[in-house]
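Novice: Task: produce atomic coordinates for the following.
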Amino acid sequence: MPLKIFSRLRSIVQAPLLAVATGCASVAAETAPAAPLNVVILYTDDWRHDTLGCAGNPVVLTPRIDALAREGLRFTNSFVTTSICGVSRATLLTGQWMARHGNRAFEMFRTPWSETYPGQLRERGYWVGHVGKWHNGQFPAERYDFGRGTITPMRHWLKQPDGTEIHVTRKNENDAMEFLRRRPADRPFCLTVAFVATHAEDQHPKQFLPQPESMALYRDVTVPVPRTATEEHFRRLPPFLANDRNEGRNRWKWRFDTPEKYQEYMKNYYRLATEADAACGRLVDELRRQGVLDRTLIIFTSDNGYFHGEHGLADKWYPHEESIRVPLIVRDPRLPAARRGATEAAFALNVDLAPTILGAAGIPVPRGMQGADLAAVYSTGAPAHWRNEFFYEHGVIRSVDFIPASEALVRKDWKYMFWPDHGREQLFHLAADPGEERDLAAAPAHAAVLAEMRARFREVKTAAGAPL
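Specialist: Predicted coordinates:
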């Protein structure tokens with residue numbers, strides 16, 4: 001992006017219009033506070049790993065989240081174990097793979113509430129709140145001290161009791177502010193802010209509906225089109241994906257099927273992201289104003305990644321990097337000074353977040369949780385026994401033509417995909433082919449790798465609790 005355009009955009013983002021302050025405070029303490037930490041989870045929707053300025057995105061402006069990365073630590077290999085809204089949220093709450101918690105799309109998970117992180121925290125005296133998107137059946141308001149949960153369908157503009165409309169990002173922010181200002185001062189707290197942004201309003205022809213004051217953002221920018229966003233790459237997919245019955249292709253037609261539409265919809269997607277960034281910044285400012293910022297663990301992440309046209313697809317679901325890789329930033333007062341502003345390449349999964357939250361509160365992790373406390377990684381670096389691979393799973397949605405089931409064994413250098421509805425294997429050498437363009441499953445030269453990963457895939461699948 002030309003420097004003058006970037007400078008102009010930055011001036012817009014920093015204007016009072018969005019009230020984005022870019023100053024950052026240092027993390028005060030290097031050692032664990034005597035009392036359990038407060039916890040704030042900033043949980044966005046459909047943000048892939050590079051929807052951040054600090055992750056190298058050449059367009060999107062996220063100065064407040066970038067500031068969190070400078071004060072904390074950013075994981076560069078953070079993944080979800082199932083890339084869809086409801087399942088990923090159930091995994092966040094339970095610290096479990098889909099195979100164990102049982103939410104395969106939109107229903108309530110079967111894990112006892114007492115074994116979730118909000119259940120554990122509330123039982124031990126935390127003031128616990130949830131605002132924003134829920135997507136796990138009916139919102140259980142009675143389980144929270146403060147609940148402003150919403151269920152589908154997602155809307156970007158909401159009717160208020162007085163008849164006026166409010167943008168959903170503003171509503172999410174206002175509800176979170178209400179929690180922070182009403183909470184008891186003598187109790188530790190945990191707040192999950194589940195932003196709807198940047199999820200599309202699927203039933204609206206424009207899909208992404210930012211606030212009017214954001215429309216000056218990105219006006220003079222051309223959003224780069226991914227190199228793999230071509231018809232040729234779409235035709236390289238297995239035939240059960242490379243057809244017009246595939247929902248990923250349907251949504252590509254909604255959003256990206258002309259160059260003009262691609263620019264319009266991607267700019268609005270990024271506008272929604274910058275609005276959420278501003279809201280995150282104001283919540284951090286409120287923690288600072290209340291004097292609790294340096295007694296609070298802040299986690300920023302997303303429920304799944306997102307295709308921006310790669311492989312001729314839109315949305316998520318499938319085991320490709322764009323779909324399963326998400327941002328993750330942890331700002332922890334216990335973080336050593338030498339680790340602040342650093343990046344960490346060890347695998348971090350969404351099953352790890354619940355154990356990490358409980359660890360910050362000094363609460364033993366329930367035996368049913370399958371993840372691990374990330375503090376063991378971000379405090380000094382990944383221990384020798386830390387994972388070097390993981391199992392990915394996604395169930396069929398509606399029909400095998402609409403969204404087929406998919407599974408994978410993911411490593412940093414190789415990925416084995418399995419499509420159980422079709423008995424199809426794929427193999428990608430990520431070290432040489434990060435865009436996952438060349439399927440090597442049928443290549444004789446890689447038969448040994450395929451056989452080893454196939455066997456290991458069955459082991460990690462069983463360990464996750466999924467039936468063979």
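Novice: With adjacent residues omitted, what lies nearest to Phe402?
Specialist: Glu247 (5.2 Å; CB to CB, 6 or more residues apart in numbering). For glycine as for every other residue, the C-beta is placed from the backbone atoms N, C-alpha and C.
Novice: does Asp175 sit in a helix or strand, and which one?
Specialist: Asp175 belongs to helix 168-182 when assigned by DSSP states H and E.
Novice: Likewise for Asn243?
Specialist: Short version, using DSSP H and E: Asn243 is in no helix or strand.
Novice: same check, this time on the one 5 residues further on
Specialist: The secondary structure element spanning Gly248 is helix 247-255 (assigned by DSSP H and E).
Novice: counting contacts, what elements does that helix pack onto?
Specialist: helix 259-289, strand 314-315 (3 or more CB pairs under 8 Å, 6 or more residues apart in numbering; DSSP states H and E).
Novice: One more pass at 6 Å, please.
Specialist: strand 314-315 (3 or more CB pairs under 6 Å, 6 or more residues apart in numbering; DSSP states H and E).
Novice: next helix or strand past the strand it packs on?
Specialist: Beyond strand 314-315 in the direction of the C-terminus, DSSP H and E gives the next helix or strand as helix 321-324.
Novice: What average pLDDT does that next one get?
Specialist: In this model, helix 321-324 has an average pLDDT of 98.
Novice: Just the C-alpha atoms of the helix or strand following it, please, in PDB.
Specialist: On the C-terminal side of helix 321-324, the nearest following helix or strand under DSSP H and E is strand 328-331. Extracted in PDB, the C-alpha atoms of strand 328-331 (Å, rounded to 0.1, in the frame of the first residue of the first chain):
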ATOM      1  CA  LEU A 328      -4.500 -15.300  19.200                       C
ATOM      2  CA  ILE A 329      -3.000 -12.700  21.400                       C
ATOM      3  CA  VAL A 330      -2.500 -13.100  25.100                       C
ATOM      4  CA  ARG A 331      -1.800 -10.100  27.400                       C
END
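Novice: Report the central residue of the chain.
Specialist: The centroid of the chain falls nearest to Ser302 when counting by CA atoms, centre = their mean (1.5 Å).
Novice: Pretty sure it sits against Thr44.
Specialist: Yes - with contacts counted by CB atoms under 6 Å, Ser302 reaches Thr44, the gap being 4.6 Å.
Novice: Verify the stated contact: Thr76 with Ala345.
Specialist: Yes - contact criterion CB under 6 Å: Thr76 and Ala345 qualify, at 5.3 Å.
Novice: Mind checking which of those two has more residues around it?
Specialist: The neighbour comparison of Thr76 against Ala345 (other CB atoms under 10 Å) goes to Thr76, with 15 against 12.
Novice: Identify the residues contacting the more buried one.
Specialist: Contacts for Thr76 (CB atoms under 6 Å, 6 or more residues apart in numbering) come out as 343, 345.
Novice: ok, now how distant is it from Arg70?
Specialist: Counting by CB to CB, to the nearest Å, the gap from Thr76 to Arg70 is 15 Å.
Novice: got it, and Ala431?
Specialist: Using CB to CB, one gets 29 Å for the distance from Ala431 to Arg70.
Novice: Look at these two and report which has more neighbours.
Specialist: Arg70 (17 against 10).
Novice: which element is that one on?
Specialist: helix 63-71.
Novice: and the helix or strand just after that helix, what other elements does it pack with?
Specialist: Later in the chain than helix 63-71, the nearest helix or strand by DSSP H and E is strand 73-75. Contacting strand 73-75 under the criterion 3+ CB pairs under 6 Å, 6+ apart are the following elements: strand 328-331, strand 342-344.
Novice: can you put those in a markdown table and add mean pLDDT and mean neighbour count?
Specialist: Below are these laid out as a markdown table (pLDDT from 0 to 100; neighbours: other CB atoms under 10 Å):
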| stretch | mean pLDDT | mean neighbour count |
| --- | --- | --- |
| strand 328-331 | 98 | 26 |
| strand 342-344 | 97 | 16 |
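Novice: Dump those into a markdown table; add distance to Trp127 as well.
Specialist: As requested, these are exported to a markdown table (distance: least, CB to CB, whole Å):
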| stretch | distance to Trp127 |
| --- | --- |
| strand 328-331 | 20 |
| strand 342-344 | 30 |
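Novice: So for Ala29, what pLDDT did the model give?
Specialist: 35.
Novice: What lies in contact with stretch 417-433?
Specialist: 238, 240, 319, 400, 404-408, 413-416, 436, 439-441, 450.
Novice: One more pass at 7 Å, please.
Specialist: Here stretch 417-433 makes contact (CB atoms under 7 Å, 6 or more residues apart in numbering) with 238, 240, 319, 396, 400, 404-408, 412-416, 436, 439-441, 446, 449-450, 453, 457.
Novice: For it, measure first residue to last.
Specialist: Start-to-end span of stretch 417-433 (CA to CA, to the nearest Å) is 15 Å.
Novice: Now do that stretch, average pLDDT.
Specialist: Stretch 417-433 carries an average pLDDT of 98.
Novice: Doesn't Gln426 belong to a strand?
Specialist: Yes - when classified by DSSP: H, G, I helix; E, B strand; the rest coil, Gln426 is found to be part of a strand.
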